[in-house]
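In: pasted the sequence and its predicted model underneath.
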Amino acid sequence: MCAVGDLLTERAVLGVIATLAVLGLFVMLCRARRVSTSVEDAVMDMLDRMSKASSDLRAGLTQEAADKATPHLREMLRCVAVAITDEEGTVLSWDGGANDHYEYLRDTVARAINNCHKEHVDHRKLGCELQGPCSLHSVVVVPLVVEGDVAGTLIVVSGVASKRQIRMAEETARFVSTQLELEVVQKQRQQLAQAEVKALRAQISPHFVYNALNTISSLIRTDPAHARELLQEFAEFTRYSFRTDGLFTTLADELTNIHRYLTIEQARYGSRLNVRLRIAPEVLQVVLPFLVLQPLVENAVRHGLAKKPGGGMLTITAEDNGNEALISVEDDGVGMDPERLDDIKDAHQTGAHVGIGNINDRMRTVFGAEYALVVETAPNAGTKVILNVPKFARNVLPNLNIGTQLTDEPMTNEQPAIRA
(Lines give C-alpha, C1' and ligand atoms only; values in the text may rest on other atoms or scores of the structure.)
Protein backbone atom coordinates (compact mmCIF):
# COMPACT_ATOMS: atom_id res chain seq x y z
CA MET A 1 0.00 0.00 0.00
CA CYS A 2 2.89 2.32 0.69
CA ALA A 3 3.93 1.83 -2.90
CA VAL A 4 0.60 3.26 -4.04
CA GLY A 5 1.07 6.29 -1.82
CA ASP A 6 4.60 6.76 -3.17
CA LEU A 7 3.26 6.40 -6.71
CA LEU A 8 0.61 9.00 -6.06
CA THR A 9 3.27 11.37 -4.68
CA GLU A 10 5.44 10.76 -7.74
CA ARG A 11 2.52 11.47 -10.07
CA ALA A 12 1.75 14.66 -8.14
CA VAL A 13 5.35 15.83 -8.58
CA LEU A 14 5.15 15.04 -12.28
CA GLY A 15 1.93 17.04 -12.43
CA VAL A 16 3.66 20.06 -10.90
CA ILE A 17 6.59 19.72 -13.31
CA ALA A 18 4.24 19.48 -16.28
CA THR A 19 2.33 22.53 -15.08
CA LEU A 20 5.50 24.56 -14.64
CA ALA A 21 6.77 23.51 -18.06
CA VAL A 22 3.57 24.65 -19.76
CA LEU A 23 3.57 27.84 -17.72
CA GLY A 24 7.17 28.65 -18.64
CA LEU A 25 6.56 28.16 -22.32
CA PHE A 26 3.42 30.24 -22.12
CA VAL A 27 5.34 33.14 -20.57
CA MET A 28 7.89 32.98 -23.39
CA LEU A 29 5.06 32.88 -25.92
CA CYS A 30 3.49 35.96 -24.36
CA ARG A 31 6.76 37.85 -24.47
CA ALA A 32 7.45 36.84 -28.05
CA ARG A 33 4.04 38.12 -29.12
CA ARG A 34 4.37 41.33 -27.07
CA VAL A 35 0.86 41.00 -25.72
CA SER A 36 -0.76 44.18 -24.47
CA THR A 37 -1.52 42.81 -21.01
CA SER A 38 1.28 42.31 -18.52
CA VAL A 39 3.07 39.00 -18.27
CA GLU A 40 1.89 38.76 -14.66
CA ASP A 41 -1.75 38.99 -15.68
CA ALA A 42 -1.21 36.43 -18.41
CA VAL A 43 0.42 34.05 -15.93
CA MET A 44 -2.45 34.45 -13.47
CA ASP A 45 -4.96 33.73 -16.22
CA MET A 46 -2.91 30.72 -17.29
CA LEU A 47 -2.81 29.30 -13.77
CA ASP A 48 -6.55 29.77 -13.38
CA ARG A 49 -7.29 27.92 -16.60
CA MET A 50 -4.84 25.13 -15.80
CA SER A 51 -6.49 24.68 -12.42
CA LYS A 52 -9.93 24.41 -14.02
CA ALA A 53 -8.69 22.03 -16.70
CA SER A 54 -7.00 19.86 -14.05
CA SER A 55 -10.19 19.40 -12.03
CA ASP A 56 -12.12 18.52 -15.20
CA LEU A 57 -9.56 15.96 -16.36
CA ARG A 58 -9.42 14.23 -12.97
CA ALA A 59 -12.82 12.76 -13.85
CA GLY A 60 -11.15 10.65 -16.57
CA LEU A 61 -11.13 10.85 -20.34
CA THR A 62 -14.86 11.15 -21.01
CA GLN A 63 -16.83 13.34 -23.39
CA GLU A 64 -18.14 15.44 -20.53
CA ALA A 65 -14.66 15.97 -19.06
CA ALA A 66 -13.20 16.78 -22.50
CA ASP A 67 -15.99 19.28 -23.22
CA LYS A 68 -15.16 21.10 -20.00
CA ALA A 69 -11.38 21.02 -20.47
CA THR A 70 -10.90 21.95 -24.14
CA PRO A 71 -12.07 25.58 -23.84
CA HIS A 72 -9.50 26.19 -21.10
CA LEU A 73 -6.78 24.46 -23.09
CA ARG A 74 -7.57 26.52 -26.19
CA GLU A 75 -7.38 29.76 -24.23
CA MET A 76 -4.10 28.64 -22.71
CA LEU A 77 -2.58 27.91 -26.11
CA ARG A 78 -4.11 30.95 -27.87
CA CYS A 79 -4.80 28.81 -30.91
CA VAL A 80 -7.56 28.29 -33.46
CA ALA A 81 -8.88 25.08 -31.92
CA VAL A 82 -8.16 22.31 -29.46
CA ALA A 83 -9.64 18.83 -29.69
CA ILE A 84 -9.36 15.64 -27.64
CA THR A 85 -9.97 12.17 -29.04
CA ASP A 86 -10.20 8.74 -27.43
CA GLU A 87 -7.80 5.86 -28.08
CA GLU A 88 -9.60 4.99 -31.31
CA GLY A 89 -9.39 8.51 -32.73
CA THR A 90 -13.03 9.39 -32.13
CA VAL A 91 -13.42 13.06 -31.26
CA LEU A 92 -14.68 13.57 -27.72
CA SER A 93 -14.60 17.35 -27.88
CA TRP A 94 -13.57 20.07 -30.36
CA ASP A 95 -13.43 23.67 -29.18
CA GLY A 96 -12.80 26.42 -31.75
CA GLY A 97 -12.96 26.70 -35.50
CA ALA A 98 -12.00 24.47 -38.44
CA ASN A 99 -13.85 21.49 -36.95
CA ASP A 100 -14.95 20.50 -40.45
CA HIS A 101 -11.29 19.70 -41.18
CA TYR A 102 -11.20 16.62 -38.95
CA GLU A 103 -11.96 14.41 -41.92
CA TYR A 104 -8.59 15.48 -43.37
CA LEU A 105 -6.87 14.65 -40.06
CA ARG A 106 -8.05 11.07 -39.54
CA ASP A 107 -4.92 9.48 -41.00
CA THR A 108 -2.67 11.84 -39.01
CA VAL A 109 -4.47 10.98 -35.78
CA ALA A 110 -4.27 7.27 -36.55
CA ARG A 111 -0.49 7.51 -37.11
CA ALA A 112 -0.03 9.37 -33.83
CA ILE A 113 -1.97 6.66 -31.96
CA ASN A 114 -0.30 3.70 -33.69
CA ASN A 115 3.24 5.09 -33.46
CA CYS A 116 2.77 6.76 -30.05
CA HIS A 117 4.51 9.82 -31.45
CA LYS A 118 3.46 13.38 -32.22
CA GLU A 119 2.47 14.24 -35.77
CA HIS A 120 2.77 17.70 -37.33
CA VAL A 121 1.14 18.60 -40.63
CA ASP A 122 0.58 21.94 -42.38
CA HIS A 123 -2.39 23.05 -44.44
CA ARG A 124 -0.79 22.30 -47.80
CA LYS A 125 -0.63 18.57 -47.06
CA LEU A 126 -4.21 18.18 -45.84
CA GLY A 127 -5.97 18.24 -49.19
CA CYS A 128 -8.27 21.00 -48.00
CA GLU A 129 -10.75 21.98 -50.75
CA LEU A 130 -11.80 25.25 -49.12
CA GLN A 131 -11.80 28.15 -51.54
CA GLY A 132 -10.04 31.21 -50.14
CA PRO A 133 -8.15 31.66 -46.81
CA CYS A 134 -8.35 28.85 -44.28
CA SER A 135 -7.98 29.41 -40.53
CA LEU A 136 -6.09 26.14 -40.27
CA HIS A 137 -2.42 26.61 -41.11
CA SER A 138 -0.79 24.05 -38.85
CA VAL A 139 -1.93 21.01 -36.86
CA VAL A 140 -0.11 19.14 -34.10
CA VAL A 141 -1.46 15.79 -32.91
CA VAL A 142 0.12 14.50 -29.68
CA PRO A 143 -0.71 11.12 -28.07
CA LEU A 144 -2.03 11.18 -24.51
CA VAL A 145 -0.08 8.42 -22.76
CA VAL A 146 -1.49 7.06 -19.52
CA GLU A 147 0.27 4.24 -17.67
CA GLY A 148 2.28 3.45 -20.80
CA ASP A 149 -0.74 3.16 -23.11
CA VAL A 150 -2.22 5.67 -25.55
CA ALA A 151 -5.54 6.82 -24.06
CA GLY A 152 -6.28 9.36 -26.78
CA THR A 153 -4.79 12.38 -28.53
CA LEU A 154 -4.61 16.13 -28.15
CA ILE A 155 -5.14 18.05 -31.40
CA VAL A 156 -3.92 21.64 -31.58
CA VAL A 157 -4.95 23.71 -34.61
CA SER A 158 -2.95 26.90 -35.17
CA GLY A 159 -3.28 29.87 -37.44
CA VAL A 160 0.49 30.08 -37.81
CA ALA A 161 3.17 27.42 -37.88
CA SER A 162 5.94 27.83 -35.30
CA LYS A 163 8.30 25.62 -33.33
CA ARG A 164 7.17 27.29 -30.14
CA GLN A 165 3.55 26.34 -30.81
CA ILE A 166 4.57 22.73 -31.42
CA ARG A 167 6.49 22.69 -28.15
CA MET A 168 3.49 24.15 -26.33
CA ALA A 169 1.26 21.43 -27.77
CA GLU A 170 3.68 18.74 -26.55
CA GLU A 171 3.90 20.15 -23.04
CA THR A 172 0.14 20.63 -22.84
CA ALA A 173 -0.37 17.00 -23.87
CA ARG A 174 2.05 15.95 -21.16
CA PHE A 175 0.09 18.04 -18.67
CA VAL A 176 -3.19 16.40 -19.76
CA SER A 177 -1.64 12.92 -19.59
CA THR A 178 -0.40 13.56 -16.06
CA GLN A 179 -3.85 14.62 -14.88
CA LEU A 180 -5.35 11.48 -16.39
CA GLU A 181 -2.68 9.34 -14.72
CA LEU A 182 -3.46 10.93 -11.37
CA GLU A 183 -7.09 9.95 -11.87
CA VAL A 184 -6.06 6.35 -12.57
CA VAL A 185 -3.82 6.20 -9.50
CA GLN A 186 -6.60 7.65 -7.35
CA LYS A 187 -8.94 4.86 -8.49
CA GLN A 188 -6.26 2.27 -7.80
CA ARG A 189 -5.74 3.70 -4.33
CA GLN A 190 -9.46 3.50 -3.58
CA GLN A 191 -9.62 -0.09 -4.83
CA LEU A 192 -6.65 -1.09 -2.69
CA ALA A 193 -8.13 0.69 0.32
CA GLN A 194 -11.33 -1.32 -0.11
CA ALA A 195 -9.28 -4.50 -0.42
CA GLU A 196 -7.42 -3.69 2.81
CA VAL A 197 -10.68 -3.14 4.68
CA LYS A 198 -11.86 -6.55 3.50
CA ALA A 199 -8.57 -8.12 4.59
CA LEU A 200 -8.87 -6.46 7.98
CA ARG A 201 -12.40 -7.83 8.46
CA ALA A 202 -11.13 -11.30 7.59
CA GLN A 203 -8.40 -11.02 10.24
CA ILE A 204 -10.67 -9.83 13.01
CA SER A 205 -13.74 -11.95 12.41
CA PRO A 206 -12.71 -15.61 12.87
CA HIS A 207 -11.07 -15.08 16.25
CA PHE A 208 -13.71 -12.79 17.67
CA VAL A 209 -16.74 -14.62 16.24
CA TYR A 210 -15.60 -17.95 17.69
CA ASN A 211 -15.05 -16.57 21.20
CA ALA A 212 -18.17 -14.40 21.13
CA LEU A 213 -20.43 -17.30 20.21
CA ASN A 214 -18.82 -19.50 22.87
CA THR A 215 -19.41 -16.83 25.49
CA ILE A 216 -23.05 -16.33 24.46
CA SER A 217 -23.77 -20.07 24.33
CA SER A 218 -22.36 -20.54 27.83
CA LEU A 219 -24.86 -17.97 29.20
CA ILE A 220 -28.00 -19.26 27.49
CA ARG A 221 -28.99 -21.55 30.38
CA THR A 222 -27.56 -19.63 33.32
CA ASP A 223 -28.48 -16.07 32.28
CA PRO A 224 -30.68 -16.03 29.16
CA ALA A 225 -31.45 -12.29 29.46
CA HIS A 226 -27.74 -11.47 29.41
CA ALA A 227 -27.23 -13.88 26.52
CA ARG A 228 -29.97 -12.12 24.51
CA GLU A 229 -28.32 -8.75 25.24
CA LEU A 230 -24.94 -10.02 24.10
CA LEU A 231 -26.43 -11.57 21.00
CA GLN A 232 -27.96 -8.20 20.07
CA GLU A 233 -24.61 -6.47 20.63
CA PHE A 234 -22.91 -9.13 18.52
CA ALA A 235 -25.42 -8.64 15.68
CA GLU A 236 -24.94 -4.87 15.71
CA PHE A 237 -21.15 -5.28 15.82
CA THR A 238 -21.08 -7.57 12.79
CA ARG A 239 -23.57 -5.40 10.88
CA TYR A 240 -21.27 -2.40 11.30
CA SER A 241 -18.01 -4.26 10.70
CA PHE A 242 -19.23 -5.98 7.54
CA ARG A 243 -20.94 -3.01 5.94
CA THR A 244 -20.07 -2.78 2.25
CA ASP A 245 -20.26 0.96 1.66
CA GLY A 246 -17.89 3.70 2.73
CA LEU A 247 -14.19 3.77 3.60
CA PHE A 248 -14.61 6.31 6.38
CA THR A 249 -16.63 6.77 9.54
CA THR A 250 -16.93 9.17 12.45
CA LEU A 251 -15.16 8.73 15.76
CA ALA A 252 -18.59 8.53 17.40
CA ASP A 253 -19.63 5.55 15.26
CA GLU A 254 -16.28 3.82 15.74
CA LEU A 255 -16.54 4.22 19.51
CA THR A 256 -20.09 2.89 19.49
CA ASN A 257 -18.89 -0.26 17.76
CA ILE A 258 -15.94 -0.56 20.14
CA HIS A 259 -18.44 -0.43 23.02
CA ARG A 260 -20.28 -3.41 21.50
CA TYR A 261 -17.01 -5.30 21.14
CA LEU A 262 -15.96 -4.59 24.73
CA THR A 263 -19.39 -5.53 26.10
CA ILE A 264 -18.95 -9.01 24.65
CA GLU A 265 -15.28 -9.29 25.68
CA GLN A 266 -16.04 -8.27 29.26
CA ALA A 267 -18.65 -11.00 29.44
CA ARG A 268 -15.79 -13.32 28.59
CA TYR A 269 -13.03 -11.87 30.78
CA GLY A 270 -15.16 -10.51 33.62
CA SER A 271 -13.36 -8.31 36.15
CA ARG A 272 -10.02 -8.90 34.43
CA LEU A 273 -11.02 -6.35 31.77
CA ASN A 274 -11.55 -2.79 32.97
CA VAL A 275 -12.26 -0.01 30.52
CA ARG A 276 -12.00 3.75 30.79
CA LEU A 277 -13.01 6.33 28.19
CA ARG A 278 -11.75 9.91 28.14
CA ILE A 279 -13.52 11.45 25.17
CA ALA A 280 -13.82 15.16 24.39
CA PRO A 281 -17.34 15.65 22.92
CA GLU A 282 -16.07 18.16 20.35
CA VAL A 283 -14.05 15.50 18.49
CA LEU A 284 -16.83 12.91 18.18
CA GLN A 285 -17.60 13.96 14.60
CA VAL A 286 -13.99 13.76 13.41
CA VAL A 287 -13.79 11.50 10.35
CA LEU A 288 -11.28 8.64 10.24
CA PRO A 289 -10.72 5.47 8.21
CA PHE A 290 -13.31 2.75 8.80
CA LEU A 291 -12.26 0.12 11.37
CA VAL A 292 -9.10 1.98 12.35
CA LEU A 293 -9.61 1.89 16.13
CA GLN A 294 -11.36 -1.41 16.86
CA PRO A 295 -8.34 -3.55 15.83
CA LEU A 296 -6.12 -1.50 18.17
CA VAL A 297 -8.57 -2.16 21.01
CA GLU A 298 -8.63 -5.85 20.14
CA ASN A 299 -4.82 -5.96 20.20
CA ALA A 300 -4.80 -4.32 23.63
CA VAL A 301 -7.23 -6.94 24.96
CA ARG A 302 -5.70 -9.99 23.27
CA HIS A 303 -1.98 -9.24 23.43
CA GLY A 304 -1.78 -6.88 26.37
CA LEU A 305 -4.35 -7.61 29.06
CA ALA A 306 -5.34 -11.23 28.38
CA LYS A 307 -1.72 -12.30 28.91
CA LYS A 308 -1.36 -10.38 32.17
CA PRO A 309 -2.25 -12.26 35.38
CA GLY A 310 -5.26 -10.55 36.84
CA GLY A 311 -5.91 -8.48 33.71
CA GLY A 312 -5.78 -4.69 33.78
CA MET A 313 -7.06 -1.39 32.47
CA LEU A 314 -7.77 -0.36 28.89
CA THR A 315 -7.94 3.41 28.34
CA ILE A 316 -9.26 5.05 25.18
CA THR A 317 -8.63 8.79 24.92
CA ALA A 318 -9.68 11.34 22.32
CA GLU A 319 -8.66 14.97 22.78
CA ASP A 320 -9.03 18.21 20.85
CA ASN A 321 -5.61 19.22 19.53
CA GLY A 322 -6.23 22.29 17.38
CA ASN A 323 -6.60 21.19 13.77
CA GLU A 324 -6.31 17.55 14.80
CA ALA A 325 -7.87 15.04 17.14
CA LEU A 326 -5.37 13.20 19.32
CA ILE A 327 -6.59 9.63 19.86
CA SER A 328 -4.87 6.92 21.87
CA VAL A 329 -5.52 3.31 22.86
CA GLU A 330 -3.55 2.33 25.95
CA ASP A 331 -3.31 -0.76 28.12
CA ASP A 332 -1.27 -1.54 31.24
CA GLY A 333 -0.65 -5.11 30.10
CA VAL A 334 2.49 -7.10 29.38
CA GLY A 335 3.92 -4.71 26.76
CA MET A 336 6.68 -5.72 24.40
CA ASP A 337 10.30 -5.07 23.47
CA PRO A 338 10.41 -1.76 21.52
CA GLU A 339 12.73 -3.38 18.97
CA ARG A 340 9.79 -5.50 17.83
CA LEU A 341 8.14 -2.34 16.55
CA ASP A 342 10.48 -2.45 13.56
CA ASP A 343 8.20 -5.22 12.29
CA ILE A 344 5.06 -3.09 12.49
CA LYS A 345 4.79 -2.85 8.72
CA ASP A 346 4.52 -6.63 8.45
CA ALA A 347 2.48 -7.34 11.57
CA HIS A 348 -0.79 -7.64 9.66
CA GLN A 349 0.78 -10.34 7.48
CA THR A 350 2.28 -12.42 10.30
CA GLY A 351 -0.77 -12.16 12.56
CA ALA A 352 1.31 -10.93 15.51
CA HIS A 353 -1.05 -7.99 15.92
CA VAL A 354 -4.44 -7.77 14.26
CA GLY A 355 -4.26 -5.26 11.41
CA ILE A 356 -1.70 -2.91 12.99
CA GLY A 357 0.42 -2.74 9.84
CA ASN A 358 -2.74 -2.39 7.78
CA ILE A 359 -3.87 0.54 9.92
CA ASN A 360 -0.46 2.19 9.75
CA ASP A 361 -0.49 1.96 5.95
CA ARG A 362 -4.04 3.32 5.70
CA MET A 363 -3.31 6.31 7.95
CA ARG A 364 -0.22 7.17 5.89
CA THR A 365 -2.03 6.74 2.59
CA VAL A 366 -5.15 8.72 3.52
CA PHE A 367 -3.59 11.58 5.49
CA GLY A 368 0.14 11.50 4.66
CA ALA A 369 3.35 9.98 6.04
CA GLU A 370 3.32 12.33 9.04
CA TYR A 371 0.15 10.61 10.29
CA ALA A 372 1.73 7.20 10.82
CA LEU A 373 0.96 5.40 14.08
CA VAL A 374 3.08 6.19 17.14
CA VAL A 375 3.60 3.23 19.48
CA GLU A 376 5.02 3.48 23.00
CA THR A 377 5.77 0.22 24.80
CA ALA A 378 8.20 -1.68 26.99
CA PRO A 379 8.19 -5.13 28.62
CA ASN A 380 5.75 -5.21 31.58
CA ALA A 381 4.95 -1.51 31.01
CA GLY A 382 1.93 -1.76 28.75
CA THR A 383 1.41 -0.39 25.25
CA LYS A 384 0.08 2.90 23.98
CA VAL A 385 -0.86 3.50 20.33
CA ILE A 386 -1.37 7.13 19.32
CA LEU A 387 -3.15 8.45 16.24
CA ASN A 388 -3.24 12.06 15.06
CA VAL A 389 -6.29 12.56 12.86
CA PRO A 390 -6.80 15.85 10.98
CA LYS A 391 -10.23 17.37 11.50
CA PHE A 392 -10.49 18.18 7.82
CA ALA A 393 -8.97 16.27 4.89
CA ARG A 394 -9.79 16.32 1.21
CA ASN A 395 -12.07 13.51 -0.02
CA VAL A 396 -12.41 12.10 3.49
CA LEU A 397 -16.14 11.96 4.20
CA PRO A 398 -18.15 9.64 6.45
CA ASN A 399 -20.94 7.34 5.39
CA LEU A 400 -23.94 9.10 6.91
CA ASN A 401 -26.34 6.16 6.57
CA ILE A 402 -24.63 3.77 8.94
CA GLY A 403 -23.90 3.96 12.65
CA THR A 404 -25.26 5.31 15.88
CA GLN A 405 -24.21 8.65 17.29
CA LEU A 406 -22.72 8.75 20.78
CA THR A 407 -23.82 12.33 21.27
CA ASP A 408 -27.22 11.25 22.64
CA GLU A 409 -25.49 10.92 26.02
CA PRO A 410 -22.42 13.20 26.03
CA MET A 411 -19.44 11.63 27.72
CA THR A 412 -17.71 13.37 30.57
CA ASN A 413 -13.98 13.96 30.61
CA GLU A 414 -13.52 10.59 32.28
CA GLN A 415 -16.19 7.94 32.17
CA PRO A 416 -16.16 4.14 32.40
CA ALA A 417 -17.34 2.56 29.17
CA ILE A 418 -18.42 -0.69 30.77
CA ARG A 419 -19.18 -1.58 34.36
CA ALA A 420 -18.37 -4.96 35.78
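Out: Nice, thanks for sending it over. Numbering: from 1, shown residues only.

In: assign a three-state SS to residue 89, would you?
Out: Applying DSSP: H, G, I helix; E, B strand; the rest coil to residue 89 yields a three-state assignment of coil.

In: sec struct for the closest residue to it other than its chain neighbours, please.
Out: On the basis of C-beta to C-beta, 6 or more residues apart in numbering, the spatially nearest residue to residue 89 that is not a chain neighbour turns out to be residue 109, at 4.6 Å. Where C-beta positions appear, they are placed from N, C-alpha and C, glycine not excepted. For residue 109, the secondary-structure state derived from three-state DSSP is helix.

In: hey, what's residue 385 bridged with?
Out: According to DSSP bridges, residue 329, residue 375 are recorded as the beta-bridge partners of residue 385.

In: any idea how many residues pack against residue 108?
Out: Neighbours of residue 108 under the rule other C-beta atoms under 10 Å: 21.

In: likewise residue 279?
Out: Other residues near residue 279 come to 23 when the count uses other C-beta under 10 Å.

In: which stretches of the protein form strands?
Out: 81-86, 91-96, 119-122, 138-146, 149-158, 248-250, 273-279, 287-289, 312-321, 324-331, 374-377, 383-390, 415-416 (DSSP state E).

In: what helices and strands are in contact with the fifth one?
Out: In this case it means strand 149-158. Taking 3 or more C-beta pairs under 8 Å, 6 or more residues apart in numbering; DSSP states H and E as the contact definition, the neighbouring helices and strands of strand 149-158 are strand 81-86, strand 91-96, helix 102-115, strand 138-146, helix 163-219.

In: who does that strand pair up with?
Out: Based on DSSP bridges, the strands next to strand 149-158 in the sheet, each with its direction, are strand 81-86 (antiparallel), strand 138-146 (antiparallel).

In: where does this structure have low pLDDT?
Out: Counting by pLDDT under 70, the low-confidence segments of the chain come to 1-56, 58-59, 123-135, 185-207, 244-246, 341-355, 399-420.

In: again, only this time at 50
Out: The chain contains residues with pLDDT under 50 at 1-9, 31-37, 131, 202, 345-352, 400-420.

In: show me the one of the strands of the chain that comes nearest residue 221.
Out: strand 273-279 (23.3 Å; C-beta to C-beta).

In: list the helices and strands that closest one packs on?
Out: Going by 3+ C-beta pairs under 8 Å, 6+ apart, strand 273-279 lies up against helix 251-269, strand 312-321, strand 415-416.

In: most packed of those?
Out: Scoring those by mean neighbour count under mean count of other C-beta atoms under 10 Å gives helix 251-269 as the most buried, with a mean of 21.

In: so what secondary structure elements neighbour it?
Out: Secondary elements touching helix 251-269 (3+ C-beta pairs under 8 Å, 6+ apart): helix 163-219, helix 224-241, strand 273-279, strand 287-289, helix 294-299, strand 312-321.

In: quick check: closest non-adjacent residue to residue 73.
Out: Leaving aside its chain neighbours, residue 73 sits nearest to residue 82 (4.6 Å; criterion: C-beta to C-beta, 6+ apart).

In: put together a markdown table for the strands paired with strand 149-158, with distance to residue 365 and mean neighbour count on each row.
Out: Compiled in a markdown table, the strands paired with strand 149-158 are given as follows (distance: least, C-beta to C-beta, whole Å; neighbours: other C-beta atoms under 10 Å):
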| stretch | distance to residue 365 | mean neighbour count |
| --- | --- | --- |
| strand 81-86 | 31 | 24 |
| strand 138-146 | 21 | 24 |
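
In: dump these into JSON lines; add distance to residue 95 as well.
Out: As requested, the strands paired with strand 149-158 are arranged in JSON lines below (distance: least, C-beta to C-beta, whole Å):
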{"stretch": "strand 81-86", "distance to residue 95": "5"}
{"stretch": "strand 138-146", "distance to residue 95": "15"}
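
In: and the helices and strands packed on strand 149-158 as CSV, adding distance to residue 267?
Out: What follows is the helices and strands packed on strand 149-158, written out as CSV (distance: least, C-beta to C-beta, whole Å):
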stretch, distance to residue 267
strand 81-86, 60
strand 91-96, 60
helix 102-115, 65
strand 138-146, 54
helix 163-219, 5
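
In: among those, which is nearest residue 288?
Out: Comparison of these against residue 288 by C-beta to C-beta identifies helix 163-219 as nearest, at 12.8 Å.

In: before we move on, the earlier item: list the contacts for the residue nearest to residue 73?
Out: 70, 73, 74, 94, 95, 96, 154, 155, 156, 157 (C-beta atoms under 8 Å, 6 or more residues apart in numbering).

In: against residue 144, how distant is the second one?
Out: When distance is defined by C-beta to C-beta, to the nearest Å, residue 73 is 12 Å away from residue 144.

In: same question, the fourth one
Out: Here the distance between residue 94 and residue 144 works out to 15 Å (C-beta to C-beta).

In: can you check residue 169 too?
Out: As it turns out, when the distance is counted by C-beta to C-beta, residue 169 lies 12 Å from residue 144.

In: what of residue 325?
Out: Computed as C-beta to C-beta, the residue 325 to residue 144 distance reads 41 Å.

In: next: residue 97.
Out: To residue 144, residue 97 is 22 Å away according to C-beta to C-beta.

In: cool, and residue 240?
Out: With the distance defined as C-beta to C-beta, residue 240 ends up 43 Å from residue 144.

In: kindly report the same for residue 118.
Out: Using C-beta to C-beta, one gets 11 Å for the distance from residue 118 to residue 144.

In: same question, residue 236
Out: Using C-beta to C-beta, we find residue 236 at a distance of 49 Å from residue 144.

In: how about residue 157?
Out: Between residue 157 and residue 144 the distance, using C-beta to C-beta, works out to 17 Å.

In: and for residue 366?
Out: With C-beta to C-beta as the criterion, residue 366 and residue 144 are 29 Å apart.

In: residue 101 now?
Out: Taking C-beta to C-beta as the criterion, residue 101 is separated from residue 144 by 20 Å.

In: for residue 168, same thing?
Out: Summarising the geometry, the distance separating residue 168 from residue 144, computed by C-beta to C-beta, is 15 Å.

In: repeat for residue 338
Out: Taking C-beta to C-beta as the criterion, residue 338 is separated from residue 144 by 50 Å.

In: so residue 136 is in contact with residue 99, correct?
Out: No: counting by C-beta atoms under 8 Å, residue 99 is not a contact partner of residue 136; they are 9.9 Å apart.

In: same drill for the two, tell me which one is more crowded.
Out: residue 136 (24 against 13).
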